[in-house]
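S.K.: whatever this is, show me its structure:
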Amino acid sequence: MTSRNKQSPSTSGVRNSQLAVYYFAGAALIAFALMSQSSLGNPFIVWSVILFISACLIFISTPTGRAFVAKCSEKELDGQFKSVSALQKEKQIQELSSRQLLSANEQFVFSQWATYQGGVAGYPNAAVLYGVAVVLTDSFVFFDKSILFKLPYMKVLEVKLDYFQPGAVRGFLAAGAVGVQLQQTQNILEIRYLDDNRTERSAKFQIHGSATIPGEAVKARELLNQLLEFKGSFASTSSVTDPMAKLEKLKALKDKGVISEAEFEMKKRILLDQM
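M.R.: Presented below is the predicted three-dimensional model:
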């Protein structure tokens, strides 16, 4: 899939530029050989070189030759992408370790660029800073310059994709037919989980890593599939208590001063609506 995507218009541009370089280099070599034939003293060698270069230029002008150049270009690009990916991965692992988000028995599995969209206690409703969503062998992690969020899989109830949400910067995209198409695009990773107080929450992260929003949906699907590999470690939905039991826990939290009267009333209304 990746190699096919690289054969899109952007790659054809790379291929044409490479052909232009080959043509220019070939013409320069032929001119150099013609100017040097008097000093070389052997016309046979000069014309053999010229014929060889000409044959190469003719070959890369044919469909077979262009396919060969394209194949070589793809191998080179693959190597570059793998090198960048490996370097990026190493930097992210170092960042996780320095922020104490990677324990000794955990391994790095997968990551995507993302922005926080709310759902974690103690953090704002959304953030504009780019961060990284990381799949580890035992937990999900998100971090940016100000947010550190680590969620063990044993607390995860469900992971799914939600639809594109036009924010302040992207609000102009929500109009017309384009807006309808974008609002049917799923590029928001939603994680339903239990916090330390056994309260159910839903954290959201917009997945990036692409120049287009539909492309972000592809990246979001990749991340979701990686998370679902660990679905066997998720918490059972039966671990979520019924609304009445939740209400009792909320009252206990209010009595202890953990949550305010206003927070209690708001959450109580939500729970009563579930009954």
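S.K.: use CA for all of it now, contacts and neighbours both
M.R.: Fine.
S.K.: look up the closest residue to Tyr123, ignoring the ones flanking it.
M.R.: For Tyr123, the nearest residue in space outside its immediate sequence neighbours is Ile147; the separation is 7.4 Å by CA to CA, 6 or more residues apart in numbering.
S.K.: now that neighbour. Its backbone dihedrals?
M.R.: The main-chain torsion angles of Ile147 are listed as degrees, to the nearest 10 and equal phi -120, psi 130.
S.K.: what's the neighbour count on it?
M.R.: Applying the criterion other CA atoms under 10 Å, we find 16 residues in the vicinity of Ile147.
S.K.: please apply the same query to Arg201.
M.R.: Applying other CA under 10 Å, we find 15 other residues in the vicinity of Arg201.
S.K.: pLDDT weak spots in this structure?
M.R.: In the predicted model of the chain, residues 1-19, 37-42, 69-84, 166-181, 237-245, 273-275 satisfy pLDDT under 70.
S.K.: now the helices for it?
M.R.: With DSSP state H applied, the chain shows helices at 2-5, 9-40, 43-61, 63-98, 176-182, 213-228, 243-255, 261-274, listed in chain order.
S.K.: go ahead and confirm the residue nearest to Tyr123 touches Pro124.
M.R.: No: in terms of CA atoms under 8 Å, Ile147 does not count as a neighbour of Pro124; the distance is 9.6 Å.
S.K.: contacting residues around the most centrally placed residue in the chain?
M.R.: Closest residue to the average C-alpha location of the chain: Gln112 at 3.2 Å, with CA atoms, centre = their mean. Applying CA atoms under 8 Å, 6 or more residues apart in numbering, one finds that Gln112 lies in contact with 132-134, 207-209, 219, 223.
S.K.: rebuild the residues you listed as CSV, extending it with neighbour count and distance to Ser103.
M.R.: Listed next are those as CSV, based on neighbours: other CA atoms under 10 Å; distance: CA to CA, whole Å:
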residue, neighbour count, distance to Ser103
Val132, 19, 17
Ala133, 26, 16
Val134, 25, 13
Ile207, 29, 24
His208, 24, 26
Gly209, 15, 26
Lys219, 20, 26
Leu223, 20, 21
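S.K.: which of those fall within strands?
M.R.: When the contacts of Gln112 are checked against strands (DSSP state E), the matches are 132-134, 207.
S.K.: and the residues you listed as JSON lines, adding distance to Gln94?
M.R.: Supplementary listing: the ones in strands among the contacts of Gln112 in JSON lines, determined by distance: CA to CA, whole Å:
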{"residue": "Val132", "distance to Gln94": "13"}
{"residue": "Ala133", "distance to Gln94": "15"}
{"residue": "Val134", "distance to Gln94": "13"}
{"residue": "Ile207", "distance to Gln94": "21"}
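S.K.: quick check: Leu110 vs Ile53, distance?
M.R.: Wrong residue type there; residue 110 is Phe, not Leu. From Phe110 over to Ile53 the distance is 46 Å, taken as CA to CA, to the nearest Å.
S.K.: who touches Ala126 in this structure?
M.R.: Residues counted as contacts of Ala126 (CA under 8 Å, 6+ apart) are 115-118.
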